[in-house]
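Trainee: next comes the sequence, and after it the predicted model I'd like to discuss.
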Amino acid sequence: MTEETTSSTPKRGRTGLIVLLLALLLLGLLGWRGWAMWQAREARMRANAAESEQRIGALEQRIDALRRDQRAQTQRILDAAATNRVLRDEVLGLSQRGALLEDSVSKLADPTRHGAQALRLDEVELLLSQAQQRLAIADDLDGARRAYTLADGALQGIDDPRLLNLRQALAQERAALDTLGNGPHAAIARRLDAFAAGLKKLPDRAPAAEGQQAAWQRLLSPLVDVRRTENKTIIAPTERAAGQAALQIELTLARAALERDDTVGFRAAVVRMEAWLPQLWPDSPALRQRHDELKTLRTAVLQPSLPVLGSTLQQLRQLRNSGYSLPLPQAVATPSPSTPKVER
């Protein structure tokens, strides 16, 4: 029994060792296989991430290209819209010229209208001259508009296609005159009237805040009026009356300068009115508002510059100085009566 036991013990030891080695080999093989699979998985993930980044970069480039194309298309659309507006204006001008030409051709068929055309051309020049005189001398916009309307009616009665540019210049001049409305004189006169009405609402005393006066000043305020010596406001009633009269004179001078389009005189009168305000009324929000009104009036434009006005009269005179003359009416040919032949 002892020999069998001792012989079986080494066999079991070798078998266990082989099993242990096989188990370790299997574990190592499984570990290596798992590590290889993990490395392959990481490589695939990195490749997918790089491919995703490339795709994202390509998409961003594509989006940037689409945005640039969109901006270019928007600019082209804006340019096309501007071109269409210019073309539409040109088509409207051509249609207007075509309508005037058709009207002129239809009037040329009437030979009875040519006798008074020379007189009507003189009438047009006279009406245009009167319109310019009303604008230059009296700033009479309504009278100038009526004169332009009469000149347009007289010009429409002249059957000559060479006056087509003259009719268009007159239409532009009338449109420019309509944009003035009542004119700058009326607006400035209303502002002067509003300024004169606002002078009556100015306070004679400066608004004093509560708590600024001493107790003895508040007690003596019903009997004595205490003011600062550095204040430039005139206190004496006679001096105030003289100052207010001088201010009204300056206001009248400003209105007179406005009527005769004297910009220098108007601004000088406004500056003198600004100098009188702090001498007649103490500082207050209402007084500062009057100062702001005078500053606005000082920079006002009395006579607007419209280079279109007067262009029709200038073109008409240049046309006449170049030797323009109305065409003579063509005589209507009447068939002569044929003499009958007498047969013998």
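Mentor: Arrived safely.

Trainee: any stretches of the stretch 101-250 of the chain with poor pLDDT?
Mentor: 106-116, 183, 204-235 (pLDDT under 70).

Trainee: now with 80, please.
Mentor: In the prediction, the stretch 101-250 of the chain carries residues with pLDDT under 80 at positions 103-118, 135-141, 157-161, 178-187, 203-237, 240.

Trainee: kindly list the longest helix within this protein.
Mentor: Looking across the chain with DSSP state H, the single longest helix is helix 2-108.

Trainee: give the next helix or strand downstream of it.
Mentor: Helices and strands here follow DSSP states H and E; after helix 2-108, the next one along the chain is helix 117-133.

Trainee: by contact count, what packs against that next one?
Mentor: Packing partners of helix 117-133 (3 or more CB pairs under 8 Å, 6 or more residues apart in numbering; DSSP states H and E): helix 141-156, helix 311-321. Yep, even glycine has a C-beta here, placed from its N, CA and C like the rest.

Trainee: what is the last one packed up against?
Mentor: Read that as helix 311-321. On a contact count with 3+ CB pairs under 8 Å, 6+ apart, helix 311-321 meets helix 117-133, helix 164-178.

Trainee: of all the residues in the longest one, which ones are buried?
Mentor: By neighbour count, and taking 16 or more other CB atoms under 10 Å as the criterion, the buried residues in helix 117-133 are 117, 120-121, 123-125, 127-132.

Trainee: what is the nearest of those to Asp140?
Mentor: Using CB to CB, Ala131 comes nearest to Asp140 of these, at 9.1 Å.

Trainee: residues touching the closest one, list them.
Mentor: Neighbour list for Ala131: 143-144, 147-148, 151 [criterion: CB atoms under 8 Å, 6 or more residues apart in numbering].

Trainee: rerun at 10 Å
Mentor: 140-141, 143-151, 173-174, 177, 309-310, 312-313 (CB atoms under 10 Å, 6 or more residues apart in numbering).

Trainee: buried subset of the residues you listed, written for ChimeraX?
Mentor: Those of those that count as buried under 16+ other CB under 10 Å are selected in ChimeraX with:
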select :140,141,144,145,147,148,150,151,173,174,177,309,310,312,313
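
Trainee: related to what we said a few turns ago, to Met273, which of the helices and strands packed on helix 117-133 lies closest?
Mentor: helix 141-156 (27.0 Å).

Trainee: so which elements touch that closest one?
Mentor: helix 2-108, helix 117-133, helix 164-178, helix 311-321 (3 or more CB pairs under 10 Å, 6 or more residues apart in numbering; DSSP states H and E).

Trainee: what distance do you get for Gly265 to Ile56?
Mentor: 76 Å (CB to CB, to the nearest Å).

Trainee: wait, I meant Glu173
Mentor: 65 Å.

Trainee: ditto for Asp79
Mentor: Distance, Asp79 to Ile56, using CB to CB: 35 Å.

Trainee: what about Gly265 and Ile56, which has more around it?
Mentor: Gly265 (15 against 10; other CB atoms under 10 Å).

Trainee: give me the nearest residue to the more buried one, chain neighbours excluded.
Mentor: Using CB to CB, 6 or more residues apart in numbering and skipping the chain neighbours, the partner closest in space to Gly265 is Ala257 (3.7 Å).

Trainee: if we can go back for a sec, could you dump the helices and strands packed on helix 311-321 to JSON lines with distance to Arg320?
Mentor: As requested, the helices and strands packed on helix 311-321 are exported to JSON lines (distance: least, CB to CB, whole Å):
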{"stretch": "helix 117-133", "distance to Arg320": "8"}
{"stretch": "helix 164-178", "distance to Arg320": "11"}
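
Trainee: out of the ones you listed, flag the one nearest Gly157.
Mentor: Going by CB to CB, the one of those nearest Gly157 is helix 117-133, 5.3 Å.

Trainee: how about the closest one as CSV, C-alpha atoms only?
Mentor: The C-alpha coordinates for helix 117-133 follow below in CSV (Å, rounded to 0.1, in the frame of the first residue of the first chain):
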residue,chain,number,x,y,z
GLN,A,117,-49.3,129.1,-82.9
ALA,A,118,-46.8,132.1,-83.1
LEU,A,119,-49.0,134.1,-80.7
ARG,A,120,-49.3,131.1,-78.3
LEU,A,121,-45.5,130.8,-78.3
ASP,A,122,-45.3,134.5,-77.3
GLU,A,123,-47.9,133.9,-74.7
VAL,A,124,-45.9,130.9,-73.3
GLU,A,125,-42.8,133.0,-72.9
LEU,A,126,-44.8,135.8,-71.3
LEU,A,127,-46.4,133.5,-68.7
LEU,A,128,-43.1,131.8,-67.9
SER,A,129,-41.5,135.3,-67.4
GLN,A,130,-44.3,136.3,-65.1
ALA,A,131,-43.9,133.1,-63.1
GLN,A,132,-40.2,133.8,-62.6
GLN,A,133,-40.9,137.4,-61.6
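
Trainee: check the offset of that helix from the chain's centre.
Mentor: When distances are taken as CA atoms, centre = their mean, to the nearest Å, helix 117-133 is centred 36 Å away from the chain's centroid.
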